[in-house]
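> Sequence and computational prediction follow.
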Amino acid sequence: MKGRIYDKLCAIDDSGRASALSTEPTVFCAQCGAEAHDPSSVCEPVDIQTRK
Ligand SMILES: [Zn+2]
């Protein structure tokens with residue numbers, strides 16, 4: 001199974017890389033809830049402040 005979803009934080013298995021990318025998250029994924037600093041790292045970025 002390969003696809004562009006693996007470019008996204010949501011699909012990253014490496015927890016070290018994932019945690020680095022999620023430092024001070026600014027967005028979260030509307031589909032799976034993953035948090036990221038870079039909106040391009042999740043499949044459906046939503047401003048994280050709208051969740052609080
Ligand atoms: Zn996602």
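Looks like it came in fine.
> After the helix or strand bottoming out on mean pLDDT in the chain, which helix or strand is next?
Of all helical and strand segments in the chain, the minimum by mean pLDDT, DSSP states H and E falls on helix 15-21, at a mean of 57. Scanning forward in sequence from helix 15-21 by DSSP states H and E, the next helix or strand is strand 27-29.
> Pairing partners for the next helix or strand after that following strand, with directions?
Downstream of strand 27-29, the first helix or strand assigned by DSSP H and E is strand 35-36. Within its sheet, strand 35-36 is paired with strand 27-29 (antiparallel), according to DSSP bridges.
> For the partner strand, which outside residues touch it?
8-10, 34-39, 42-48, 51 (C-beta atoms under 8 Å, 6 or more residues apart in numbering). C-beta: built from backbone N, CA, C; applies to glycine.
> How many neighbouring residues does the residue nearest to residue 30 when sequence neighbours are not counted have?
The shortest distance from residue 30 to any non-neighbouring residue, by C-beta to C-beta, 6 or more residues apart in numbering, is to residue 44 (4.2 Å). Neighbourhood size, residue 44 [other C-beta atoms under 10 Å]: 14.
> repeat for residue 40
11.
> For this protein, what lies in contact range of the ion?
10, 29, 31-32, 43 (C-beta under 5 Å from the ion).
> ChimeraX command to pick out the buried ones of those residues?
Buried members of these, identified by 16 or more other C-beta atoms under 10 Å, are gathered into one ChimeraX selection as follows:
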select :10,29,43
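> Let me have the residues of the chain next to the ion in a markdown table, extended by pLDDT.
Shown next, in a markdown table, are the residues of the chain next to the ion (pLDDT from 0 to 100):
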| residue | pLDDT |
| --- | --- |
| 10 | 74 |
| 29 | 91 |
| 31 | 91 |
| 32 | 90 |
| 43 | 90 |
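> which ones are touching the residue nearest to residue 30?
Applying C-beta under 8 Å, 6+ apart, the residues contacting residue 44 are 29-31.
> From these, pick the one nearest the ion.
Nearest to the ion out of the contacts of residue 44 is residue 29 (C-beta to the ion; 3.3 Å).
> Leaving out chain neighbours, which residue sits closest to the closest one?
residue 42 (3.8 Å).
> Might you report the residue contacts of that neighbour?
Neighbours of residue 42 in contact, by C-beta under 8 Å, 6+ apart: 8-10, 27-29, 32, 34-36.
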